[in-house]
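A.B. asks: Structure, please.
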Amino acid sequence: MANVKWSVDPTHSEVQFKVKHLMITNVTGYFSKFNVEAETEGDDFEKASNIVFTADVDSINTNNEQRDTHLKSPDFFDAANHQQVKFVGKKYEKVSGDEYKLHGDLTIRETTKPVTVNVEFGGIVEDPYGNTKAGFTIDGKINRKDFGLTWDAVTEAGSVVVSNDIRLHAEIQLVKQK
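C.D. replies: So this is what the prediction gives:
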């Protein structure tokens, strides 16, 4: 069976993260520029390979310009020296039904660590324009300090300003390449 290439449909996909602020509420951020590519044997994602996600660090958006500038600074992502976040999938493993685990390597600030995310496979359909599309909901969690995002601050009352745990969420729609 021939290998099929898939690429992200950016108008129907989103990548976000959430982090606790002052340990009482979550702040949500997005990457507005990102790419996802994968290869399958036919339309079988259970044998997917060459799964690569990249996000442009300079496209980070938390709906607050001052916070975005701080996140792009050397305190966090250091966008001037580390332009991309990258995840390379190594194994797509069926758990049950439409539930999968995607194991791979995540690189932030030139630090690469193994990460596993949960994937819900939404299925494959043909859109009104004759394009074949596949949908995925992805959730995971990382510790930011594992990737060199070590900035810390504590309030006068002793509250942590930014939690170490970062929750990841993505809605990804892939398009079969013709």
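A.B. asks: Which parts of this structure are helices?
C.D. replies: Ranges of helices in the chain, per DSSP state H, are 65-72.
A.B. asks: which residues of this protein score low on pLDDT?
C.D. replies: 1, 155-160 (pLDDT under 70).
A.B. asks: Show the contacting residues for the closest residue to S163 other than its chain neighbours.
C.D. replies: In this structure, S163 finds its nearest non-sequential neighbour in K20, 3.8 Å apart by Cβ to Cβ, 6 or more residues apart in numbering. For every residue, glycine as well, the C-beta is placed using N, CA and C. Contact analysis of K20 by Cβ atoms under 8 Å, 6 or more residues apart in numbering lists N26, V27, V162, S163, D165.
A.B. asks: Rebuild the residues you listed as a markdown table, extending it with neighbour count and distance to T116.
C.D. replies: Formatted as a markdown table, these follow (neighbours: other Cβ atoms under 10 Å; distance: Cβ to Cβ, whole Å):
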| residue | neighbour count | distance to T116 |
| --- | --- | --- |
| N26 | 11 | 22 |
| V27 | 16 | 24 |
| V162 | 17 | 23 |
| S163 | 17 | 20 |
| D165 | 12 | 15 |
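A.B. asks: Okay, and which of the residues you listed map to strands?
C.D. replies: N26, V27, V162, S163, D165 (DSSP state E).
A.B. asks: so how far is L174 from the first one?
C.D. replies: What that stands for is N26. Here the criterion is Cβ to Cβ, to the nearest Å. By it, N26 lies 28 Å from L174.
A.B. asks: now the contacts of K20 as JSON lines including distance to Q84?
C.D. replies: What follows is these, written out as JSON lines (distance: Cβ to Cβ, whole Å):
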{"residue": "N26", "distance to Q84": "25"}
{"residue": "V27", "distance to Q84": "22"}
{"residue": "V162", "distance to Q84": "22"}
{"residue": "S163", "distance to Q84": "24"}
{"residue": "D165", "distance to Q84": "22"}
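A.B. asks: Among these, which one sits closest to H103?
C.D. replies: Of all those, D165 has the smallest distance to H103: 19.3 Å, by Cβ to Cβ.
A.B. asks: who's in contact with that closest one?
C.D. replies: Contacts of D165 (Cβ under 8 Å, 6+ apart): V19, K20, K141, I142, N143, R144.
A.B. asks: And the spatially closest residue to S49 that is not a sequence neighbour, how far from Y92?
C.D. replies: Distance criterion Cβ to Cβ, 6+ apart; nearest residue to S49, sequence neighbours excluded, is E39 at 5.1 Å. Here E39 is placed at a distance of 11 Å from Y92 (Cβ to Cβ).
A.B. asks: Next: D44.
C.D. replies: In terms of Cβ to Cβ, D44 sits 10 Å off from Y92.
A.B. asks: One more: A153?
C.D. replies: For A153, the distance to Y92 - Cβ to Cβ - is 38 Å.
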